[in-house]
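**Q** Quick check, what structure comes out for this input:
(chains A and B)
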Amino acid sequence: MADAELPMAVDGGYDWDGRWNHVRKFLERPGPFAHPDFEPCTESLQFLLEMCKILVIGAGGLGCELLKNLALSGFRLIHVVDMDTIDISNLNRQFLFRPKDVGRPKAEVAADFINNRIPGCKVVPHYKKIQDFDESFYRQFHIIVCGLDSIIARRWMNGMLISLLSYEDGVLDPSSIIPLIDGGTEGFKGNSRVILPGMTACIDCTLELYPPQINFPMCTIASMPRLPEHCIEYARILLWPKEKPFGETSLDGDNPEHIQWVFKKSIERAAEFHITGVTYRLTQGVVKRIIPAVASTNAVIAAACSLEVFKIASSAYIPLNNYLVFNDVDGLYTYTFEAERKENCSACSQVPQNLQFPPSAKLQEVLEYLMENASLQMKSPAITTTLEGKNKTLYLQSVKSIEERTKPNLCKTLTELGLSDGQELAVADVTTPQTVLFKLNFTT
Amino acid sequence: MLFMVTYMPTLCCRLWGDHGQDTLENAHVCLINATATGTEILKNLVLPGIGAFTIVDGHTVTGEDNRAQAATELLQELNSHVSGNFVEESPEKLLDNNPDFFHRFTIVIAVQLPESTSLRLGSVLWSASIPFLVCKTYGLIGYMRLVVQEHTVIESHPDSALEDLRLDKPFAEFKNHLQSFDLESMNKKDHSHTPWIIIIAKYLEKWLSEHNYKPPQNYKEKEAFRQLIRDGIRKNENGVPEDEENFEEAIKNVNTALNQTKIPSAVEELFNSEQCNNINSESSSFWVMLRAVKDFVHSEGNRDLPVRGTIPDMIADSQKFINLQNVYRTKAMQDAAAVSTHVQRLLQSLGKPPDVIPDNDIKLFCKNASFLRVVRCRSLAEEYGVDSVNKDEITSCMDNPDSEMVFYLILRGVERFYQQHSRYPGVYNYQVEDDISKLKLCVNSVMQEYNLNVNIKDDYVHEFCRFGASEPHTVAAFIGGSAAQEAIKIISHQFVPFNNTFIYNAMLQTSATLQL
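**A** As a prediction, this is how the structure comes out:
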């Protein structure tokens, strides 16, 4: 198909004739399906090339694809955040990396690759955790797109963007909204969603779509194994800390010697119970909690996400409203629907969260509720409150000395702790950058 | 480091296993046209490790190398184990001078091909029984068409499969095993660690003896059956029921456990097909094994498929679980051995040696007997033929004028436009407006030829002119991922490919599969 365009002024020395033709057709031509705000003009391309700032979170399977797609669609001011370094097992999908790059930070290698191969593109890498940045960092971006493999990280990002929202007299200021495009994959399944914080369903609104991960019960692992996986977990959880085969080092899933040790011990355990099926590959998969990934699913989901970034940045089309599910196990199946906001979402609804407990309930029960409730799914909540004008930590797990000091509180009842009906509890957790306020309602 | 490099297990193996990976590494893929879509498809095949690819492309990259060569070099970098080749020739020339060229490939994938070339190539590949995947990225529309005469799938890996427990028709070895359990007299520990399969089977025996040998039929009876099991939970000295998770599991599983064991209709259809009834020396292993299973079903199998042999994990002590698992495994092995005998008999009657179909293949086949699938696509000639066009599919989809079918129809119109004007509509800004009415005429002429009376909204025709035959990278990447996975399904014979036309509407992020 002919793709040559009439001669146009070349921009900044990077853009040869016709370089952005495929993009310009959507920016400079009117059409019946464009967003109502869309105005075809030649300046749109300049905005894309020179001003639009995109943040990509993750430089793994999805991240590599996202960076490539965005760069080839005209985006040049791209930042990428990833806290990992490259592992050899990444090379069969994360195509911006080569064997010589193993051990280097993903964000840096990805940025180098794109900047070298796609003239004009200026990807800025950050070898950091998303939690290392605050509002001032995130506020600079027009659109943020996530290719993460962790629900906790997603929720944190979600919470961060919600915290950037500003309300005037209870009305949301649209200029404080930073759209969040989120993609996720697992084997042959994937999803892509568009979140407009404060306006559309957020990650926490639909938390029930992510069922909590099930770990094997301890008694099965310790005394009643039935599956090869149980034997491997036995070696990993019980034998390794006991036998310390490599001194004080903790088990490293990327160290073949470590895996070999776990593998041998798992085989022995399995033999005791006449269980078959323990293999080196299964051992590594269980130890590293590997979810099998394949290049094609990442390609599809990243493509859908990148296109949404383009739609939002250009108004060339109305963006996805708002959730796409993809599965190509049997043929190719997609399902597109509008996820609804949750009225009392703990992240985005601004509605105070209620905790209903009898005054005789122990703090332990409150802690368990925060962790097990399907809409909250907190990981290690820290609970504080104000008593007699002073800030009091009721329980906090993440700092050893405080954990030891507050642990006895778990066995005390709410009244014993001095809490009254209507008391406000502030809960902090890795799943959110801001504390969540709860109101204690005593039941009879 | 060297140790790590050579040992690296390919993670994709966990999805399609070593044998699946072998088929990939022995495959030679042909890609026609190294456009954005084409290179994306190939990238997603090179990364998981196909053995070899050959790019056929007569176009040159603006001003520089031939497109095929440039793409080959980039792709080779991704995986040093893959062998990459290129042919700087148009597919039309190859079809003119050397159509047999395509016979060496496991699958041919063509991208952005004009209609006439697709049809010519389609015919060559159909005669040679080589799978053909046609792909197109046109503006914000993605298109894929799979053309394969007969594609058999043993390992379809269905997302949700019912267990094969045979609780409604317990086999002798299971009944025997059941007798070794006496729930009433067991000690507390054994009672709460007895597998739920045993529990349901025991209580089912009780129920049958009290209900004229009729299993629970409706909701009311199933509720009563669940209650019967619940009453079996041991109570402490105060009459409070103990915490017996295995009994809770049993109660939860009553519904599925009481399902009738039967042969899935898809498998029955295969049994009744021509290829199964007419086994000859041309028959593939799949059909020979299928016939053997059918013969088994009509003899040793007692009208049921071979026992699958797997059970789900459940609360139980190791011993009881392993023993129960072995009962099913042993029965499955026996059934597979019986099927094997039928296979040998069939092979002998065909004058073929027994090792033509290894025992492991037969075991795998039996294990997957409920999930066998065969995909047969209509040829391109049938799709395009005036007498064979699938009018029903087209008109019923177009009852909804916004159905993805409209994009297929306009793509057909676009090809007609190309044939008439030697260019695609709306490539240059000044052409867009005038081309709308021209494209509309082309679309209508195609509809008339097929005697199709459907409503094609003007807005869609306008939008296709706006597309200007562009190939946006995001849409190319979506098709790149989708097509690559379908190709992997064809090569590995695992998971089920689509049949036969896939349309992706990137404007709304929707898609549809059409049978044309």
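
**Q** Can you report phi and psi for the residue nearest to B:Ala161 when sequence neighbours are not counted?
**A** Spatial nearest neighbour of B:Ala161, excluding adjacent residues (Cβ to Cβ, 6 or more residues apart in numbering or on different chains): B:Phe371 at 6.7 Å. In short, each C-beta sits where N, CA and C put it, glycine included. Backbone torsions of B:Phe371, given as degrees, to the nearest 10, read phi -110, psi 10.

**Q** Next: A:Thr393.
**A** Main-chain torsions, A:Thr393, degrees, to the nearest 10: phi -90, psi 120.

**Q** Tell me who's in contact with it.
**A** Applying Cβ atoms under 8 Å, 6 or more residues apart in numbering or on different chains to A:Thr393 gives the contacts A:382-384, A:402, A:406.

**Q** a markdown table for those residues, including distance to chain B, neighbour count and secondary structure?
**A** Formatted as a markdown table, the contacts of A:Thr393 follow (distance: Cβ to the nearest Cβ, whole Å; neighbours: other Cβ atoms under 10 Å in any protein chain shown; DSSP: H, G, I helix; E, B strand; the rest coil):
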| residue | distance to chain B | neighbour count | secondary structure |
| --- | --- | --- | --- |
| A:Ala382 | 31 | 22 | strand |
| A:Ile383 | 29 | 23 | strand |
| A:Thr384 | 35 | 18 | strand |
| A:Ile402 | 34 | 14 | helix |
| A:Thr406 | 30 | 20 | helix |
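
**Q** how about the residues you listed, which pair is most distant?
**A** A:Ile383 and A:Ile402 (11.6 Å; Cβ to Cβ).

**Q** Identify the contacts common to the two.
**A** Shared contacts of A:Ile383 and A:Ile402 (Cβ under 8 Å, 6+ apart): A:393, A:396.

**Q** Report how many residues lie close to residue 303.
**A** All of this refers to chain A. Neighbourhood size, A:Ala303 [other Cβ atoms under 10 Å in any protein chain shown]: 31.

**Q** actually it's chain B I care about, not the one you picked
**A** 11.

**Q** in what helix or strand does it lie?
**A** Using DSSP states H and E, B:Arg303 maps to neither a helix nor a strand.

**Q** any idea how far it lies from B:Ala369?
**A** Distance, B:Arg303 to B:Ala369, by Cβ to Cβ, to the nearest Å: 13 Å.

**Q** What of B:Gln149?
**A** Distance, B:Gln149 to B:Ala369, using Cβ to Cβ: 23 Å.

**Q** now the strands for chain B?
**A** Assigned by DSSP state E, chain B shows strands spanning B:28-32, B:52-56, B:83-87, B:107-111, B:132-138, B:141-147, B:151-153, B:373-375, B:501-505, B:510-514.

**Q** and of the ones you listed, who's closest to chain A?
**A** Nearest to chain A, of all the strands of chain B, is strand B:510-514, at 4.4 Å by Cβ to the nearest Cβ.

**Q** wait, isn't A:Val102 in contact with A:Ile86?
**A** Yes: assessed by Cβ atoms under 8 Å, A:Val102 is found in contact with A:Ile86 at 5.2 Å.

**Q** Those two - which one has more neighbours?
**A** Neighbour count, other Cβ under 10 Å: between A:Val102 and A:Ile86, A:Ile86 has more, with 25 against 19.

**Q** which residues sit in contact with that one?
**A** Applying Cβ under 8 Å, 6+ apart to A:Ile86 gives the contacts A:94, A:97, A:101-106, A:109.

**Q** can you rerun that using 6 Å?
**A** A:Ile86 is in contact with A:97, A:101-102, A:104, A:106, counting by Cβ atoms under 6 Å, 6 or more residues apart in numbering or on different chains.

**Q** what's the span of stretch A:402-410 from first residue to last?
**A** Start-to-end span of stretch A:402-410 (Cα to Cα, to the nearest Å) is 13 Å.

**Q** For that stretch, give me every contacting residue.
**A** For stretch A:402-410, the surrounding residues in contact (Cβ under 6 Å, 6+ apart) are A:363-364, A:393-397.

**Q** Just the buried ones from those, in PyMOL syntax?
**A** With 16 or more other Cβ atoms under 10 Å in any protein chain shown as the burial test, the buried ones among the contacts of stretch A:402-410 are selected in PyMOL as follows:
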select buried, chain A and resi 363+394+395+396
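
**Q** Looking at B:Gln149 and B:Ala369, which one has more neighbours?
**A** For the pair B:Gln149 and B:Ala369, the greater number of neighbours falls to B:Ala369 (26 against 15), based on other Cβ under 10 Å.

**Q** gap between the more buried one and chain A?
**A** 18 Å (Cβ to the nearest Cβ, to the nearest Å).

**Q** Find the nearest non-adjacent residue to that residue, please.
**A** In space, and not counting its chain neighbours, B:Ala369 is closest to B:Leu305: 4.4 Å by Cβ to Cβ, 6+ apart.

**Q** For chain A, give me its nearest residue in chain B.
**A** Going by Cβ to the nearest Cβ, chain A is nearest to B:Gly481 of chain B, at 3.0 Å.

**Q** Can you get me the start-to-end distance on stretch A:219-227?
**A** End to end - Cα to Cα - stretch A:219-227 spans 13 Å.

**Q** Just checking that stretch against chain B, any contact.
**A** Yes: Stretch A:219-227 lies within reach of chain B by Cβ under 6 Å from any Cβ of the partner chain, at A:224-227.

**Q** List the contacts of that stretch.
**A** By Cβ under 6 Å, 6+ apart, the residues outside stretch A:219-227 that reach it are A:230-231, A:233-234, A:273, B:313, B:317-318, B:321.

**Q** and with 10 Å instead?
**A** A:215-217, A:229-238, A:266, A:269-270, A:272-273, A:275, A:277-278, A:282, B:193, B:195, B:311, B:313-322, B:324-325 (Cβ atoms under 10 Å, 6 or more residues apart in numbering or on different chains).

**Q** Pull out the buried positions in it.
**A** Judged by neighbour count using 16+ other Cβ under 10 Å, the buried positions of stretch A:219-227 are A:220-221, A:224-227.

**Q** go on, stretch B:120-139?
**A** B:120-126, B:130-139.

**Q** ok, and which of those reach chain A?
**A** Residues of those in contact with chain A (Cβ under 10 Å from any Cβ of the partner chain): B:137-139.

**Q** give me the number of residues near B:Leu290?
**A** 25.

**Q** what does B:Thr510 give?
**A** 17.

**Q** got it, and B:Asp159?
**A** Using other Cβ under 10 Å: B:Asp159 sits among 11 other residues.

**Q** Which residue is the nearest non-sequential neighbour of it?
**A** Nearest residue to B:Asp159, sequence neighbours excluded (Cβ to Cβ, 6+ apart): A:Val329, at 5.5 Å.

**Q** how about whatever residue of the stretch 151-300 of chain A ends up closest to chain B, what does it touch?
**A** Proximity of the stretch 151-300 of chain A to chain B (Cβ to the nearest Cβ) peaks at A:Ala299, 3.0 Å away. For A:Ala299, the contact set (Cβ under 10 Å, 6+ apart) comprises A:61-62, A:64-65, A:68-69, A:93, A:95, A:185, A:190, B:40-41, B:43-44, B:47, B:477-485.

**Q** wait, is it part of a helix?
**A** Yes: according to DSSP: H, G, I helix; E, B strand; the rest coil, A:Ala299 belongs to a helix.

**Q** shouldn't A:Pro36 be in contact with A:Pro30?
**A** No: contact criterion Cβ atoms under 10 Å: A:Pro36 and A:Pro30 do not qualify, at 11.9 Å.

**Q** And these two? Which one has more around it.
**A** Neighbour totals were compared for A:Pro36 and A:Pro30, and A:Pro30 leads with 11 against 6 (other Cβ under 10 Å).

**Q** Phi, psi for that one please.
**A** Dihedral pair for A:Pro30: phi -70, psi 160, per degrees, to the nearest 10.
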